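S.K.: Just a sequence and a predicted model for now, questions to come.
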Amino acid sequence: MASHGQAKPLRSRAPGPLRGMAEVPGDKSVSHRSLILGALSVGETRIIGLLEGEDVLDTGRAMQAFGASVERLGPGEWSIQGVGVGGFREPADVIDCGNSGTGVRLIMGAMATTGIAATFTGDASLRSRPMGRITDPLALFGARSHGRSQGRLPLTLIGAENPLPVRYATPVPSAQVKSAVLLAGLNAPGQTVVIEREPTRDHTERMLRGFGATVETEVTDEGHVITLTGQPELTGRPVSVPRDPSSAAFPVAAALLVEGSEIRVPGISLNPTRAGFYATVRDMGASLEFSNQREEGGEPVADLRVRYSALKGIEVPPERAASMIDEYPVLCVLAAFAEGRTVMRGVKELRVKESDRIDAMARGLEACGVTVEEGTDFIIVHGRGADGVPGGATVESRLDHRIAMAFLCLGLASQAPVTVDDAAPIATSFPVFEDLMGGLGAQFERPNR
């Protein structure tokens, strides 16, 4: 029994070639931010293409709890009537963010400089994740927090009544930390500055500008410096959400692994702070073609064609980690089928995601017959190349959607089927995963219980 409800095992096995159009859902990062910034704006924000996974829906419910009007108009189409910067009201109940680390951390930032209190919780996975990396910088604004050890949820955050602007250097590359600080800075006077040694995904900066905030970025000796001018009046606007490149990585990986496959992914985000996975698999020998490059909702997008490819192991540049941190689980699967070793360093952030993803991938790959080396900040997968991956194991998803999807992709190309003990968490980010993959020709089945 999983803590979020009844476990839902799912098994994948080798199909024929995968073919067709993979219309993956909207980008999760952009979806979270569009709801939050819509709630902090004056007037209506109309969103098209919103990801309707549980993580994002939890953020929408939270915005309602803070006083915004949030209405679903149709599939992927939502309307938010915002309350303006500093206009959040105190919620009447606990804010449950489910499985979403992005949701809870960005929402904490958005309310931290408003003189109200809110209590946050989530599922077993989210309650195990440390929040100190968020509450520490929010304390600089004057916010106070009370939670379990290491700031774990449930946690009560008391916003600063007289917030101060801050200058904060992020200790680790984290778009969540950066975004929380910038959102908190909206209701603080003066300028709030975030300094990153390595740039992380920049959806927050792009979207803040689109809603009317003044955000400047520059590269200095200190690093990547983002400066936000506080107390703007944000104005509601239409938002078109591009397709999520992290979700697209799963059908892309499956097509690369299943012989004879060719699929297309329309309208995928090519934000340069999110494109590390696609650069990496190209380095491994993947056949990827991008066409019709354009801009939608302030984000660069393109149509992608993917063909089956024989892959080779590589050393992944550590500086790419921030731009592909969510794709490492499925990259490990690709590495298992590649010829030679794939070395991934600078990935300690994987230890504190929805699960310890380094450990989860290492144990699952070993159960499927793949040799893995790991350390605090690295994982090395010894690809089996022409020998193929034996498979045949039942793998623990650990309440982690990306672990579940990664091993289901592995089972599509392994010699024996692979079973994931619980596929239910996939609904948090990719609710149509099973149907979409099945439409391309993937073979999934419910094991006999």
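M.R.: Okay, I see it.

S.K.: Surely T45 is in contact with L73?
M.R.: No. Contact criterion C-beta atoms under 8 Å: T45 and L73 do not qualify, at 12.0 Å. Every residue, glycine included, has its C-beta placed from N, CA and C.

S.K.: what's the offset of the worst-scoring helix or strand of the chain on mean pLDDT from the middle of its chain?
M.R.: Least confident helix or strand, the chain: helix 124-127 with a mean of 92, by mean pLDDT, DSSP states H and E. Helix 124-127 sits 16 Å away from the centroid of its parent chain (C-alpha atoms, centre = their mean, to the nearest Å).

S.K.: picking that back up, please identify which of T45 and L73 sits among more neighbours.
M.R.: T45 (26 against 11; other C-beta atoms under 10 Å).

S.K.: and the more buried one, bridged to which residues?
M.R.: For T45, the beta-bridge assignment (DSSP bridges) gives partners I80.

S.K.: Could I get the contacting residues of it?
M.R.: Listed by C-beta atoms under 8 Å, 6 or more residues apart in numbering, the contact set of T45 reads 34, 37-38, 79-80, 82, 236-239.

S.K.: Then E196?
M.R.: E196 is in contact with 169-170, 173, 178, 223-226, counting by C-beta under 8 Å, 6+ apart.

S.K.: The same query, at a cut-off of 6 Å, please.
M.R.: 170, 223-224 (C-beta atoms under 6 Å, 6 or more residues apart in numbering).

S.K.: Please identify the helix or strand for the closest residue to it other than its chain neighbours.
M.R.: Nearest residue to E196, sequence neighbours excluded (C-beta to C-beta, 6 or more residues apart in numbering): H224, at 4.4 Å. For H224, the element it lies in under DSSP states H and E is strand 223-229.

S.K.: List of residues touching that strand?
M.R.: 182, 185, 191-197, 199, 214-218.

S.K.: Let me know the closest of the residues you listed to S145.
M.R.: Minimum distance to S145 across the contacts of strand 223-229 is 17.6 Å, recorded for G185 (C-beta to C-beta).

S.K.: Which residue, neighbours along the chain excluded, lies closest to the closest one?
M.R.: T192 (2.8 Å).

S.K.: ok, the one you found - contacts?
M.R.: Contacts for T192 (C-beta under 6 Å, 6+ apart) come out as 165-166, 185, 228.

S.K.: residue ranges for the strands of the stretch 1-150 of the chain, please.
M.R.: Assignment of strands within the stretch 1-150 of the chain using DSSP state E, counting those that start in this stretch yields the ranges 10-13, 19-21, 44-48, 69-74, 77-81, 95-96, 117-121, 144-147.

S.K.: who wins for proximity to Q443 among those?
M.R.: Q443 lies closest, by C-beta to C-beta, to one member of those: strand 10-13, at 5.0 Å.

S.K.: Walk me through which strands the closest one pairs with, and which way each runs.
M.R.: Going by DSSP bridges, the partners of strand 10-13 are strand 418-420 (antiparallel), strand 443-445 (antiparallel).

S.K.: and the contacts of T192, which of them are in strands?
M.R.: Mapping the contacts of T192 onto strands (DSSP state E) picks out L228.

S.K.: strand partners of the strand or helix carrying I380, parallel vs antiparallel please.
M.R.: Using DSSP H and E, I380 sits within strand 378-384. Paired strands of strand 378-384, with direction, are strand 339-345 (antiparallel), strand 371-375 (antiparallel) (DSSP bridges).

S.K.: Contacts for it, please.
M.R.: 313, 332, 335-336, 338-345, 358, 371-373.

S.K.: The protein: helices as residue ranges?
M.R.: Ranges of helices in the chain, per DSSP state H, are 28-39, 54-65, 101-111, 124-127, 132-141, 175-185, 203-211, 245-257, 276-283, 328-337, 357-367, 401-411, 433-440.

S.K.: quick one: buried residues of the last one?
M.R.: I take that to be helix 433-440. Within helix 433-440, the residues that count as buried by 16 or more other C-beta atoms under 10 Å are 433-434, 436-437, 439-440.

S.K.: The second one now?
M.R.: Buried residues in helix 54-65, counting neighbours by 16+ other C-beta under 10 Å, are found at 54-63, 65.

S.K.: With pLDDT and distance to M324 added, can I get those in a markdown table?
M.R.: Formatted as a markdown table, the buried residues of helix 54-65 follow (pLDDT from 0 to 100; distance: C-beta to C-beta, whole Å):
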| residue | pLDDT | distance to M324 |
| --- | --- | --- |
| E54 | 93 | 23 |
| D55 | 93 | 19 |
| V56 | 96 | 21 |
| L57 | 96 | 26 |
| D58 | 97 | 25 |
| T59 | 98 | 23 |
| G60 | 98 | 27 |
| R61 | 98 | 30 |
| A62 | 98 | 28 |
| M63 | 98 | 29 |
| A65 | 98 | 33 |
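
S.K.: which one among these gets closest to V420?
M.R.: Set against V420, the nearest of these by C-beta to C-beta is E54 (17.6 Å).

S.K.: What distance do you get for the closest one to V306?
M.R.: According to C-beta to C-beta, to the nearest Å, E54 stands 27 Å off from V306.

S.K.: and if you look at V352?
M.R.: From V352 across to V306, the span is 31 Å (C-beta to C-beta).

S.K.: out of the two, which sits in the more crowded spot?
M.R.: With neighbours defined as other C-beta under 10 Å, V352 and V306 compare such that V306 has more, 25 against 16.

S.K.: T220: neighbour count?
M.R.: 8.

S.K.: Next: R89.
M.R.: 12.

S.K.: what's the nearest residue to it if we skip its chain neighbours?
M.R.: Here the residue nearest R89, using C-beta to C-beta, 6+ apart, is G67, at 4.0 Å.

S.K.: Pretty sure that neighbour sits against P91.
M.R.: No. Taking C-beta atoms under 6 Å as the definition, G67 is not a contact partner of P91, at 8.4 Å.

S.K.: Compute the number of surrounding residues for the residue nearest to R89.
M.R.: Neighbourhood size, G67 [other C-beta under 10 Å]: 17.

S.K.: What's the per-residue pLDDT of it here?
M.R.: On pLDDT, G67 comes in at 98.

S.K.: same question, the one 3 residues further on
M.R.: On pLDDT, V70 comes in at 98.

S.K.: How about it: which residues does it bridge to?
M.R.: Beta-bridge partners, per DSSP bridges, of V70: I80.

S.K.: if I pick it, what's in contact with it?
M.R.: So V70 contacts 60, 63-64, 80 (C-beta under 6 Å, 6+ apart).

S.K.: where does the stretch 151-300 of the chain dip in pLDDT?
M.R.: By pLDDT under 70, the weakly predicted segments of the stretch 151-300 of the chain are 297.

S.K.: got it, and the stretch 1-150 of the chain?
M.R.: 1-5.

S.K.: go again using 50 as the cut-off
M.R.: For the stretch 1-150 of the chain, the stretches flagged by pLDDT under 50 are 1-4.

S.K.: Burial check on the residue nearest to M361 when sequence neighbours are not counted, number of neighbours?
M.R.: Nearest residue to M361, sequence neighbours excluded (C-beta to C-beta, 6+ apart): C332, at 4.5 Å. C332 has 28 neighbouring residues, counting by other C-beta under 10 Å.
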